[in-house]
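Engineer: have a look at this fold, sequence not included:
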Ligand SMILES: NC(=O)c1ccc[n+]([C@@H]2O[C@H](COP(=O)([O-])OP(=O)(O)OC[C@H]3O[C@@H](n4cnc5c(N)ncnc54)[C@H](O)[C@@H]3O)[C@@H](O)[C@H]2O)c1
C-alpha cells in the first residue's frame, strides 16, 4: 500500500512524516509518496525524503491518484478531487472546523481516522497527538507571555536593587497546563495553578507550584480522567472564587477544556479588567472558543492595558519539534494496521474503533466507545 503526504495550507508548518519515518514505514511494507516541497517549512529538501526512499510527486492530484492512505493535519476538501474515492484518511483532523468536508469524504467512500479521538490509554500513548501538541502549546504560551510582559520573570537581586518575580496563574492543569507550569517555573516565576480534578493537585505540587484550593468541595473528575462539565451553579461559584486570584497575578495562562464541548468560560470580563495594567493573559483554549469571555480566537487585544493573547495552532510555531512528535505519533498509529508484513484494517481494535469516523463512507460514530 502507498501512503501519501501532501502540503497543507501555508500557515500549517508541521509535518506528519519525516525522512527517518519514511524508512520505518517501508519496513512495515508501505511505500511513501510526498508532494513536492513538503519539507520547506522546516528547511528539509525533497532530496532528504528521496534519499530515505520516498517518491516525490508534483501535486495533490498526482498524489491522490496513487496513494491508498492520505496523512493530514486538517480535514482535506476531497470534493476538489472527485476521482479520489475509497481511500483511507488518517489525520489530526479537527473535524468540527469543517463538518461539510466530512460529508464529501463520506460521499466518496473514504475510511477516516481522527487521531484526536484516541482513547487516553497506555497503549495509545505513543500515538497521542493531543498530548504531543498540548505539551508544545503549554511551553510556547509561557514564552509568548514572557515576551509581552514588560518585566522580568525571575527574582533578580542586583546592585541596583531587587526585582520581584512575576506571579503566574495557570487555570487547567492537564498536559498543556503542566508544561506551562514547568516552563514558568524554569523562568523563575512564582506559579500557582487551579483545576477541577483533585488528581491535578499532586502533579502541580510536584512541579514546585502552589495548588489553589479555591473550592475544595467542587470536584469534577469525569470519565477517562477528563473533567466533566460544571453545572450552572458550579460555574457561577467558580467564576466568583477565581476573580480575586486572577486580580493578583501578572500572567494568566488558561487551558481548561472539556472533551467534545466548547471551552468553559471561566474568566469573566469583569475578572479580566480587575487585573493590573501591564498584565498578560494567554488563552490556550482559544481554538474551542476560549476560557475568557473577551477572547477573540486568533487575535491579540489590549484591554485597559491588559494584553489578551488568543493563539491558534501554537505548535505550528515550533514546526521541527512538532513534526518530530507528530511523525512518531502517526507512525505508531500506522503500525497498528500492519501485522507480519501485511497491511490490513483491523476494525475491531479498540484504538481503531475509537478513532474511526467513517468506514468506507459510512459514519461509525454510534459504534464508538463513549
Ligand atoms: N495516555 C494517557 O494516559 C494520557 C495522556 C494524556 C492525558 N491524560 C490524562 O487525561 C486527562 C486530561 O488531560 P488533557 O490535558 O487532555 O485535558 P484537557 O485538554 O481536556 O483539559 C485541560 C485541563 O482543564 C481542566 N478543566 C476542565 N474544566 C475546567 C474548569 N472548569 N476549571 C478548571 N479546570 C478545568 C481539566 O481538568 C484538564 O486538566 C488528564 O487526567 C491527563 O493526565 C492521560
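Structural biologist: Now that the structure is in, tell me what you want to look at. All values derive from a computational prediction rather than experimental measurement.
Engineer: tell me which helix or strand of the chain sits lowest on mean pLDDT?
Structural biologist: Ranking every helix and strand in the chain by mean pLDDT, DSSP states H and E puts strand 342-343 at the bottom, with a mean of 68.
Engineer: does the very next helix or strand once past that strand come close to the ligand?
Structural biologist: Heading C-terminal from strand 342-343, the first helix or strand you meet, by DSSP states H and E, is helix 350-355. No - judged by CB under 6 Å from any ligand atom, helix 350-355 stays clear of the ligand, getting no closer than 11.1 Å. Every residue, glycine included, has its C-beta placed from N, CA and C.
Engineer: helices and strands around the next helix or strand after helix 350-355, which ones?
Structural biologist: Next helix or strand after helix 350-355 toward the C-terminus (DSSP H and E): strand 356-359. Where contact means 3 or more CB pairs under 8 Å, 6 or more residues apart in numbering; DSSP states H and E, strand 356-359 is packed against helix 99-107, strand 111-114.
Engineer: give me the buried positions along the longest one.
Structural biologist: Applying a neighbour-count criterion of 16 or more other CB atoms under 10 Å, the buried positions in helix 99-107 are 101-102, 104-106.
Engineer: look up phi and psi at residue 324.
Structural biologist: phi -60, psi -40 (degrees, to the nearest 10).
Engineer: what is the neighbour count of the residue nearest to it when sequence neighbours are not counted?
Structural biologist: With sequence-adjacent residues excluded and distances taken as CB to CB, 6 or more residues apart in numbering, residue 324 is closest to residue 18, at 6.7 Å. For residue 18, the count of nearby residues is 23 (other CB atoms under 10 Å).
Engineer: which residues touch residue 18?
Structural biologist: 44, 323-324, 327 (CB atoms under 8 Å, 6 or more residues apart in numbering).
Engineer: give me the subset of those lying in helices.
Structural biologist: 323-324, 327 (DSSP state H).
Engineer: follow-up on the earlier one: pLDDT at the residue nearest to residue 324, what is it?
Structural biologist: Residue 18 carries a pLDDT score of 98 in this model.
Engineer: mind starting the numbering at 77 from now?
Structural biologist: From this message on, residue numbering opens at 77, which makes the last subject residue 94.
Engineer: what is the nearest of the buried residues of helix 175-183 to the ligand?
Structural biologist: residue 178 (22.2 Å; CB to the nearest ligand atom).
Engineer: so that closest one touches residue 434, yeah?
Structural biologist: Yes - at 7.2 Å, residue 178 and residue 434 qualify as touching, with contact defined as CB atoms under 8 Å.
Engineer: ok, how many other residues are close to residue 248?
Structural biologist: The number of residues near residue 248, taken as other CB under 10 Å, comes to 28.
Engineer: touching, it and residue 339? I think so.
Structural biologist: No - the pair residue 248 / residue 339 is not scored as a contact, 9.1 Å apart, by CB under 8 Å.
Engineer: tell me the residue of the chain that sits nearest the ligand?
Structural biologist: For the chain, CB to the nearest ligand atom, closest residue to the ligand: residue 250, 2.3 Å.
Engineer: re earlier: where do the contact lists of residue 248 and residue 339 overlap?
Structural biologist: With contacts taken as CB under 8 Å, 6+ apart, the residues that reach both residue 248 and residue 339 are 332-333, 361, 367.
Engineer: make JSON lines from the helices and strands packed on strand 432-435 and add mean pLDDT and distance to residue 160 to it.
Structural biologist: Shown next, in JSON lines, are these (pLDDT from 0 to 100; distance: least, CB to CB, whole Å):
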{"stretch": "helix 175-183", "mean pLDDT": "94", "distance to residue 160": "10"}
{"stretch": "strand 187-190", "mean pLDDT": "94", "distance to residue 160": "13"}
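Engineer: can you put those in a markdown table and add distance to residue 152?
Structural biologist: Output for those, formatted as a markdown table (distance: least, CB to CB, whole Å):
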| stretch | distance to residue 152 |
| --- | --- |
| helix 175-183 | 7 |
| strand 187-190 | 10 |
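Engineer: could I get those as TSV with distance to the ligand?
Structural biologist: Below are the helices and strands packed on strand 432-435 laid out as TSV (distance: least, CB to the nearest ligand atom, whole Å):
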stretch	distance to the ligand
helix 175-183	21
strand 187-190	15
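Engineer: tell me which element residue 245 is part of?
Structural biologist: Counting by DSSP H and E, residue 245 is part of strand 243-247.
Engineer: other SSEs contacting that strand?
Structural biologist: helix 251-262, strand 266-270, helix 308-324, strand 327-330.
Engineer: repeat the analysis, applying 6 Å as the threshold.
Structural biologist: helix 251-262, strand 266-270, strand 327-330 (3 or more CB pairs under 6 Å, 6 or more residues apart in numbering; DSSP states H and E).
Engineer: what parts of this structure come near the ligand?
Structural biologist: 196, 198, 200-201, 204, 206-207, 210, 247-253, 270-273, 276, 301-303, 306, 314, 331-335, 340, 342.
Engineer: one more pass at 5 Å, please.
Structural biologist: Within reach of the ligand by CB under 5 Å from any ligand atom, the chain has these residues: 196, 201, 207, 248, 250-251, 271-273, 301-303, 332-333, 340.
Engineer: least confident pick among those?
Structural biologist: For the residues of the chain next to the ligand, the weakest pLDDT value sits at residue 301, with 76.
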